[in-house]
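Asks: Predicted coordinates and the sequence they were generated for:
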Amino acid sequence: MKRVFIDTDGEFDDVMALILALKSRDLSVEGITTLSGIRNLRDSTDDVLNTVELLGRSDIPIAEGVEVSMSQDLTQTRRDMLKIWRGGGRSSTKAIRRPGLTPVKEDGVGLMIRTVMENPGEVTLITLGALTNVASALLREPRMAKRVKEVYSMGGAVLVPGNTTPVAEFNIWGDPLAARIFFNSGMPITMVGLETYYQPVLSGDDWARVRVANPATRYCFENFGPWFKYLVGLHPDWEGGLQVGDALTVGAAIDPSLMTPRRCFVDVETKGELTVGQTVAYGLSSRHPSPKEPNTDLTVDCDWRRFNSLFVERVTS
């Protein structure tokens, strides 16, 4: 059984990733940390607490991480998100259910450090949001980079356009300084970027099964109703189909053979006038050899059909 620690900003696809992890008997979730992203920390944390509670996993410690990005102002991003939620009939992004669980008193960065350091070489870190918590942990305890078993990280865009700017994916753009610290830390990283993130898409029929599978999936669809409405509107030709998103990163941790990786050196632009948050990879071409030892397995393709089957089977089990 693989022991994992999950760092998440608690959005729809993060919740689906959590459900997949918690329903997978070959994973042992040792702890969860939260951080802010397109919504504030309180709302994101409540959705994580509700998900874990509704699956009956009160044994898992959940800790609030860092509220503010090291290097990016997300105020306008959250204003834009609030407009989407209000357009869907909600007055705020607040969770529709008050969780019965509460975060542990230990701060998220401390919980992450302690879990890894007390179990050297045993804990796989899965990151599903900006890398603020992880970078903060590395700055507080640099030895963590050598104690973690491996990292599966959702973020970045090397071979495809970004989803926030023409060159930047949101999780990296949301804290590029933290991402630079992360990629240069020496941790064994598998990057699940937009190259593969968009590939798994479930049909409307598949999502209908997932929606009623358990209390946590029902909560997710009810709570994120305005966001679902927005996403479905982006692809009306999919007839209710939606991408699975961050759950693919959990899938990669469950079964690495789902992914096709390329070994390379990845770094992050932090100062460019037009390119802040861009993930740049060296070593993918002989014209651009790696300036340092490769630090990342960049996933360039995935067996999305096999992942879709795994996701639906486990979440609805």
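Replies: Cool, got the structure. Since the structure is predicted, the reported quantities are computational estimates derived from the model, not experimental observations. Residues are numbered from 1 along each chain as shown.

Asks: Pull the contacting residues for E64.
Replies: 33-34, 41, 45, 103, 107-108 (CB atoms under 8 Å, 6 or more residues apart in numbering). All C-beta spots, glycine's among them, are computed from the backbone N, C-alpha and C.

Asks: Not including adjacent chain positions, what is the nearest residue to D255?
Replies: Excluding the flanking residues, the one nearest D255 by CB to CB, 6 or more residues apart in numbering is L310, at 7.1 Å.

Asks: and the helix or strand containing the one you found, what does it pack onto?
Replies: Element membership for L310 (DSSP states H and E) is helix 304-315. Packing partners of helix 304-315 (3 or more CB pairs under 8 Å, 6 or more residues apart in numbering; DSSP states H and E): helix 12-22, strand 201-202, helix 204-211, helix 247-254.

Asks: Same list (those) but as a markdown table, adding mean pLDDT, mean neighbour count and distance to S58.
Replies: As requested, the helices and strands packed on helix 304-315 are arranged in a markdown table below (pLDDT from 0 to 100; neighbours: other CB atoms under 10 Å; distance: least, CB to CB, whole Å):
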| stretch | mean pLDDT | mean neighbour count | distance to S58 |
| --- | --- | --- | --- |
| helix 12-22 | 98 | 25 | 12 |
| strand 201-202 | 95 | 18 | 29 |
| helix 204-211 | 95 | 16 | 23 |
| helix 247-254 | 98 | 28 | 20 |
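
Asks: Of all those, which one comes closest to W227?
Replies: helix 12-22 (5.6 Å; CB to CB).

Asks: what helices or strands is the following helix or strand past that closest one leaning on?
Replies: Later in the chain than helix 12-22, the nearest helix or strand by DSSP H and E is strand 27-34. With contacts taken as 3+ CB pairs under 8 Å, 6+ apart, strand 27-34 sits against strand 2-8, helix 12-22, helix 41-54, strand 62-64, helix 108-117, helix 247-254.

Asks: Just the pLDDT for the closest residue to W85 other than its chain neighbours.
Replies: Excluding its sequence neighbours, the residue lying closest to W85 (CB to CB, 6+ apart) is P226, at 4.5 Å. For P226, the model assigns a pLDDT of 95.

Asks: Just the buried positions in the one helix or strand P226 maps to, please.
Replies: Element membership of P226, judged by DSSP H and E, is helix 225-234. Within helix 225-234, the residues that qualify as buried are 226-228, 230-232, counting by 16 or more other CB atoms under 10 Å.

Asks: which of those residues lies closest to G245?
Replies: Checking these against G245 by CB to CB gives L231 as the nearest, at 9.6 Å.

Asks: residues touching the residue lying closest to the closest one once chain neighbours are set aside, list them.
Replies: With CB to CB, 6+ apart as the criterion, L231 has its nearest non-adjacent residue at 5.8 Å, and that residue is L242. Contacts for L242 (CB under 8 Å, 6+ apart) come out as 201-202, 207, 228, 231-232, 235.

Asks: so how far is the first residue of stretch 143-155 from its last?
Replies: 23 Å (CA to CA, to the nearest Å).

Asks: hang on, the earlier thing: for the helices and strands packed on helix 304-315, could you give me TSV that also reports distance to S317?
Replies: As requested, these are exported to TSV (distance: least, CB to CB, whole Å):
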stretch	distance to S317
helix 12-22	11
strand 201-202	16
helix 204-211	11
helix 247-254	14
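
Asks: between these, which gets nearest to G156?
Replies: helix 247-254 (11.6 Å).

Asks: From the contact counts, what lies against the helix holding P226?
Replies: With contacts taken as 3+ CB pairs under 8 Å, 6+ apart, helix 225-234 sits against helix 12-22, helix 75-87, strand 242-243.

Asks: quick one: buried residues of the second one?
Replies: Of the residues in helix 75-87, those buried under the neighbour-count criterion (16+ other CB under 10 Å) are 77-78, 81-82, 84-85.
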